[in-house]
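Novice: Predicted model follows, preceded by the sequence.
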Amino acid sequence: MNIPEKHIYKKQIYVFAAAMTVLAATLSGCGTDTHVTETSQQERPTSVVYTLSEQENKDYDVSIYRITNRSFYEEPQTAVTKDQLKEYAGSKLDTITQTADKYYVGTYQNYEFTIVAVDGFSEWITSMGYSDRNGNEDGLYLQRHLGNLEYETTDYFKDPSGKFLIVTQCRDNKVICEFFEGMNGQY
């Protein structure tokens with residue numbers, strides 16, 4: 001093994017990198033004595049959060065579907081069977097794209113909706129990498145880490161039956177009301 005050659009090789013890389021830095025500074029019109037100042041920690045963003053878009057059709061009240069208390073799904077008062085979940089998803093979604101024991105994914109009015117059985121929701125949010133967060137007057141919301149310092153924020157709602165939670169990026173209150181109430185306003 002020839003150790004000195006490795007040191008020579010490393011030195012060549014450092015010399016090359018230094019030469020490229022000087023060349024870049026020269027070509028950009030900066031002198032080699034230009035000082036690079038680092039911004040303070042307070043000026044740097046600590047994370048990027050992809051928040052929910054502005055709500056549409058605010059005259060439709062979705063507050064009765066908002067989740068304000070975690071115990072609703074952390075200590076569910078009911079168990080949901082596979083057949084109940086299948087029937088509910090089939091009656092609500094226009095198309096179904098994914099199924100599992102405790103959730104269905106599909107579309108409703110061109111928005112993606114995930115329907116999760118209340119007794120499987122805690123397990124589902126963990127498996128999907130979500131955590132629930134306190135929101136403002138709108139209640140709780142879900143958030144998950146996408147990578148680096150990026151987070152995604154998502155709405156979720158409860159069905160009036162107390163058996164299902166609905167996760168969606170849909171911000172159209174009219175669509176949310178129609179999902180729960182039907183097109184004619186009936187459950």
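Specialist: Received, thanks.
Novice: Okay, now the unreliable bits of the chain?
Specialist: 1-52, 135-137, 183-187 (pLDDT under 70).
Novice: the helices in it, which residues?
Specialist: 3-27, 71-74, 82-92, 121-127, 173-181 (DSSP state H).
Novice: Touching, residue 130 and residue 151? I think so.
Specialist: No. Shown here, residue 130 and residue 151 do not form a contact pair, counting by C-beta atoms under 8 Å, at 10.3 Å. Glycine gets a C-beta too; all of them are placed from N, C-alpha and C.
Novice: List the contacts of the longest strand along the chain.
Specialist: If you go by DSSP state E, the chain has its longest strand at strand 150-158. For strand 150-158, contacts defined as C-beta atoms under 8 Å, 6 or more residues apart in numbering pick out 47-52, 62, 65-67, 72, 118, 130, 132-133, 138, 140-146, 164-171, 176, 180.
Novice: Stretch 68-80 now?
Specialist: 67, 102, 117-122, 132, 139-140, 158, 162-165.
Novice: from the contacts of strand 150-158, which would you call buried?
Specialist: 52, 62, 65-67, 72, 118, 130, 132, 140-143, 164-168, 170-171, 176, 180 (16 or more other C-beta atoms under 10 Å).
Novice: Keep only those of these that are in strands.
Specialist: Those of these lying in strands (DSSP E): 130, 132, 141, 142, 143, 164, 165, 166, 167, 168.
Novice: hmm, which two among those are most spread apart?
Specialist: 143 and 164 (20.8 Å; C-beta to C-beta).
Novice: Distance across stretch 71-84, terminal residue to terminal residue?
Specialist: Its first and final residues considered, stretch 71-84 spans 22 Å by C-alpha to C-alpha, to the nearest Å.
Novice: An error on my part: the question was meant for stretch 133-142.
Specialist: With C-alpha to C-alpha, one end of stretch 133-142 sits 6 Å from the other.
Novice: Between the ones in strands among the buried ones among the contacts of strand 150-158, which sits nearest residue 107?
Specialist: Checking those one by one against residue 107 (C-beta to C-beta), the nearest turns out to be residue 168, at 10.0 Å.
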